[in-house]
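quick one, what's the 3D model for this:
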Amino acid sequence: MTSIKEQAAISRLLSFLQEWDNAGKVARSHILDKFIETNRGKTAPELEQEFSQGASLFLVRLTTSLRITYVTDSCLEKLLRSIGIFLSAVSSNRYLIEFLEVGGVLTLLEILGLEKIKEEAKKESIKLLQVIANSGRTYKELICESYGVRSIAEFLAKSKSEETQEEVQVLLDSLVHGNPKYQNQVYKGLIALLPCESPKAQQLSLQTIRTAQSIIGTTHPSIVDCVLKVLGTMHLEVQYEDPALPSSMKPGFLQGEGPPLWGLSASSADILGRLDRWTTIQPFLLPLQPPPPVLQLRFAFPAPPRPAQPWSVKGREEDSDEWRLGSRSSLLPRWWRGLGPLTSTSALPQPSS
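This next block holds a predicted model:
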């Protein structure tokens, strides 16, 4: 026999579910707003207590509404946030399995590829994928098996919001760690992002490639051409990330230890080595330019303070150009000091290129 309190709680639950079933678009939006406000941050036991041990009944209605209405973007962002309350709750493994059994991952990935859906809704979809990926290796493999890497990488390249792109980077970084079966697939997807037109996507891809490279250990040959093309970008944030890549991917090559890595030809390896040396010195002057053929030097040293007594150097007056140069001869190049006394700075010889 159930107590009076339990019967009252069950009655409230049935009334709430009936209200949801009969509500229209505007009424459901208000119900979702109230649910998000009152249940954010709750654990799974607290949600069960709130819904009288029937929280799964409301989750089923949310996932069903998501699959039916996500194409029309009807309350999509609020639906995803409400589902996120269930999936991110402590001890929510039961809710996670229920969501995956109805094709939740495929629905989230399909949302990323629809152009009519707003950016904020896609951002919430990425956050749900993060929750799923952080639940364990099995769930990471499920995302990759659902062609998730391709969908996520394409969305990163097309997204116009930097905040959303950063959320995508967090997801890709999660898929690289603790996923030995598909980490190479994620690595190749990051390489494929390098030629994209979005500078932010290129920057985030380079950051994640550096992490993936340390995990995988081996380098894919296709990365060479992609990195060389990215070196010519005019975006400083990409240039900042790019110069560190060549030295990290070929540790012994620049020091002349052993043959070129990755099976590169000598010419390609030489180009990559020279680019690495230049970008170490001038990381923000890309595309690289060769030095000028003739180096024009012209020195103008400030005159020293006048001494108490008049001086002379080699019998000349203190105001002569040679006195100014002779008193600071230690600052001049070695080949210059061997030329003897000079009468004017305009007559200085020009070094050969």
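
only C-alpha atoms for contact and neighbour calcs from this point on.
Noted.

thought residue 75 was touching residue 31?
No. The pair residue 75 and residue 31 fails to qualify as a contact (C-alpha atoms under 8 Å) at a distance of 10.9 Å.

what about the two, which has more around it?
residue 75 (18 against 15; other C-alpha atoms under 10 Å).

give me the phi and psi for residue 116.
Here is the backbone geometry of residue 116 (degrees, to the nearest 10): phi -80, psi -20.

in the protein, what helix or strand scores lowest on average pLDDT?
Every helix and strand of the chain was ranked by mean pLDDT, DSSP states H and E. The lowest is helix 266-281, at a mean of 42.

C-alpha coordinates for stretch 70-80, PDB please?
In PDB, the C-alpha atoms belonging to stretch 70-80 read as follows (Å, rounded to 0.1, in the frame of the first residue of the first chain):
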ATOM      1  CA  TYR A  70      15.000  19.300 -34.400                       C
ATOM      2  CA  VAL A  71      14.700  20.000 -38.200                       C
ATOM      3  CA  THR A  72      12.300  22.900 -37.600                       C
ATOM      4  CA  ASP A  73      14.400  24.400 -34.700                       C
ATOM      5  CA  SER A  74      11.400  24.500 -32.400                       C
ATOM      6  CA  CYS A  75      12.600  25.100 -28.800                       C
ATOM      7  CA  LEU A  76      15.700  23.200 -29.800                       C
ATOM      8  CA  GLU A  77      18.200  25.000 -27.600                       C
ATOM      9  CA  LYS A  78      15.900  24.600 -24.500                       C
ATOM     10  CA  LEU A  79      15.300  20.900 -25.300                       C
ATOM     11  CA  LEU A  80      19.100  20.300 -25.500                       C
END
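
show me what counts as buried in it.
70, 74, 75, 76, 77, 78, 79, 80 (16 or more other C-alpha atoms under 10 Å).

which of the residues you listed has the weakest pLDDT?
Within the buried residues of stretch 70-80, the minimum per-residue pLDDT falls on residue 74 (77).

ok, the residue lying closest to that one once chain neighbours are set aside - how many residues close by?
Leaving aside its chain neighbours, residue 74 sits nearest to residue 25 (7.5 Å; criterion: C-alpha to C-alpha, 6 or more residues apart in numbering). Residue 25 has 9 neighbours, counted by other C-alpha under 10 Å.

before we move on, what about residue 95?
Neighbourhood size, residue 95 [other C-alpha under 10 Å]: 19.

for residue 196, same thing?
15.

tell me how far the nearest residue to it once chain neighbours are set aside lies from residue 191.
Among residues not flanking residue 196 along the chain, residue 157 sits closest, at 6.2 Å (C-alpha to C-alpha, 6+ apart). Computed with C-alpha to C-alpha, to the nearest Å, the distance linking residue 157 and residue 191 is 12 Å.

how about residue 97?
Counting by C-alpha to C-alpha, the gap between residue 97 and residue 191 amounts to 32 Å.

give me the more crowded residue out of those two.
Neighbour count, other C-alpha under 10 Å: between residue 97 and residue 191, residue 191 has more, with 21 against 13.

my guess is the more buried one contacts residue 226. True?
Yes. The pair residue 191 / residue 226 is scored as a contact, 7.2 Å apart, by C-alpha under 8 Å.

helix, strand, or coil at the closest residue to residue 112 other than its chain neighbours?
The shortest distance from residue 112 to any non-neighbouring residue, by C-alpha to C-alpha, 6+ apart, is to residue 122 (5.7 Å). Assigned by DSSP: H, G, I helix; E, B strand; the rest coil, the conformation of residue 122 is helix.

show the pLDDT at residue 122.
96.

ditto for residue 346
47.

residue 52 now?
In this model, residue 52 carries a pLDDT of 89.

now it: how far from residue 68?
With distances taken as C-alpha to C-alpha, residue 52 is found 27 Å from residue 68.

out of the two, which sits in the busier spot?
Per other C-alpha under 10 Å, whichever of residue 52 and residue 68 has more neighbours is residue 52, with 18 against 10.

residue 51 - nearest residue in space that isn't next to it in sequence?
Leaving aside its sequence neighbours, residue 51 sits nearest to residue 13 (C-alpha to C-alpha, 6+ apart; 6.0 Å).

can you pull the contacts of the one you found?
Going by C-alpha atoms under 8 Å, 6 or more residues apart in numbering, residue 13 touches 51, 52, 54.

now stretch 92-105: average pLDDT?
The model assigns stretch 92-105 a mean pLDDT of 94.

can you pull the buried residues of that stretch?
92, 95, 96, 98, 99, 100, 104, 105.

can I get these in CSV with distance to residue 164 and secondary structure?
Output for the buried residues of stretch 92-105, formatted as CSV (distance: C-alpha to C-alpha, whole Å; DSSP: H, G, I helix; E, B strand; the rest coil):
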residue, distance to residue 164, secondary structure
92, 25, coil
95, 25, helix
96, 23, helix
98, 27, helix
99, 23, helix
100, 23, helix
104, 20, helix
105, 18, helix
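
perfect, that will be all.
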